[in-house]
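> coords below, sequence missing:
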DNA sequence: GTTACCATACCTAGAAATAGGTATTTTTTA
DNA sequence: TAAAAAATACCTATTTCTAGGTATGGTAAC
């Protein structure tokens, strides 16, 4: 019988820690050996407790998740999984550079969380295929022309101005606009912008 | 004749360093003794070179500007000036807490940059009057009710929904909406959101 | 070589936002 | 307490966005 996997969780929001704990508590081969809402405490705990895996929030008071990973680069066997609200490309790339093993959104389901933990525990990194593919799919999800129109919407242009700038008819711009709304599942520009920022589309 | 002021510049974007260097290079009483695009290098350089003033980007790979200041709190005589793209209240307050001397937007003009440097070099802090006044004016610029409406617009609600949530008539919401646009100097929601983010209103 | 996707363009209709007013009441401030 | 600012509400008109269609030519994938 294998030893259980020791996990440390650090997140700004207690609710996230509680949620993750709940998802993990019935696994008899996973043990949560500590938690923290603060980056500096997390850093010290990880040094002291040497967990197999640390789930780290990207943004925490005191010390950010990426900071901790970088500080401990080469000095620990703990494998890091980054948690974040948003799927921002920049952060995924940063996490990869700093030798994190995976990157999860906070609304992750139990199955995906467990899969990720087991794979990471066995030494597998989950960036290349799963996540970067997701990133690409997110982007490819919008066609190039839709991206053009989206960019100009975010620049504050109205449809007529976009049509002029992209040498399209107003009808075409409105079609792209309509399709963007549909794909984003929103129904006005404000929500569209929120969606773009959350998904890290641009 | 006074000794020249030794300055260190750290910023993610080389273009900003180049721009600042350009603005400062003809001052014979100012010397740029080092630059960096990386937070960790900046930290080490500042410890080693002990500049009189360090201009630090808030967001840098490796170590953020505020992190550096916090780490060196009480351990150095270097005076820190924070650079940032946006005038976000949160960051200004953080910078104050960590004993930074001033806070500049990256599109600062030469005169303001030089004034700030000279004042900081002489030990003056430029938060209370200049910047916080600006901040307060920015916020007071919008009335409380306008802030309410603005928040809901950013949440993606349409005017009718805002009216319901705030117990106002649609007419009133539209009045606030109109006044927001006028104060921001914009003419659609996308531009309004950009303005809010740039000014750090929320 | 058929299917799927993309880019383009058009039509219609209704909802919502934008922009210009005016005006009354309440609250704040000088 | 008088003046100024804020919040409220209404009116009208125009513009813009949103949402549902349809349709065609091109390109890519399978």
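The structure has been received and is ready for your questions. If you're wondering where the values come from, they're calculated on a predicted model, not measured in any experiment.

> and after the helix-or-strand element of chain A with minimal mean pLDDT, which helix or strand comes next?
When each helix and strand of chain A is scored by mean pLDDT, DSSP states H and E, helix A:132-140 comes last, with a mean of 45. The helix or strand immediately downstream of helix A:132-140 is helix A:144-154, counting by DSSP states H and E.

> separation between the residue of chain A most remote from its centre and DNA strand C?
Relative to the average C-alpha location in chain A, and by Cα atoms, centre = their mean, no residue lies farther out than residue A:169, which sits at 37.3 Å. Separation of residue A:169 from DNA strand C (Cβ to the nearest atom of the strand, to the nearest Å): 4 Å. Any C-beta I mention is one placed from the backbone N, CA and C, and that applies to glycine too.

> Residue A:34 now?
In this view, residue A:34 and DNA strand C are 46 Å apart by Cβ to the nearest atom of the strand.

> Kindly state the pLDDT recorded for that residue?
Residue A:34 is assigned 91 on the pLDDT scale.

> before we move on, what SS does residue A:7 have?
Taking DSSP: H, G, I helix; E, B strand; the rest coil as the rule, one finds residue A:7 in the strand state.

> go on, residue A:125?
Classification of residue A:125 into helix, strand or coil gives coil, according to three-state DSSP.

> any idea whether residue A:17 is helix, strand or coil?
When the rule is three-state DSSP, residue A:17 gets the label helix.

> Ok, the one 10 residues further on next?
At residue A:27, secondary structure determined by three-state DSSP is coil.

> burial count for the nearest residue to residue A:157 once chain neighbours are set aside?
Sequence neighbours aside, residue A:165 is the residue nearest to residue A:157 in space, at 6.9 Å (criterion: Cβ to Cβ, 6 or more residues apart in numbering or on different chains). For residue A:165, the neighbour count with other Cβ atoms under 10 Å in any protein chain shown is 14.

> quick check, residue A:165 in a strand?
No - looking at residue A:165 with three-state DSSP, it is helix, so not inside a strand.

> List the buried residues of the host helix or strand of residue A:192.
Remark: residue A:192 resides in helix A:189-199, with elements defined by DSSP H and E. Of the residues in helix A:189-199, those with enough neighbours to count as buried (16 or more other Cβ atoms under 10 Å in any protein chain shown) are A:189, A:190, A:191, A:192, A:193, A:194, A:195, A:196, A:199.

> which parts of chain A sit against DNA strand D?
A:158-160, A:174-175, A:177-178, A:181-182, A:187-189, A:192 (Cβ under 7 Å from any atom of the strand).

> Out of these, which end up buried?
Using 16+ other Cβ under 10 Å, the buried members of these are A:159, A:174, A:177, A:181, A:189, A:192.

> and the residues you listed near chain B, which?
Among these, the ones lying near chain B by Cβ under 8 Å from any Cβ of the partner chain are residue A:189.

> Packing partners of the longest helix out of those in chain A?
Longest helix in chain A by number of residues, with DSSP state H as the criterion: helix A:170-184. Packed against helix A:170-184, as judged by 3 or more Cβ pairs under 8 Å, 6 or more residues apart in numbering or on different chains; DSSP states H and E, are the following elements: helix A:144-154, helix A:159-166, helix A:189-199.

> Now stretch A:173-184: average pLDDT?
Averaging pLDDT residue by residue across stretch A:173-184 gives 92.
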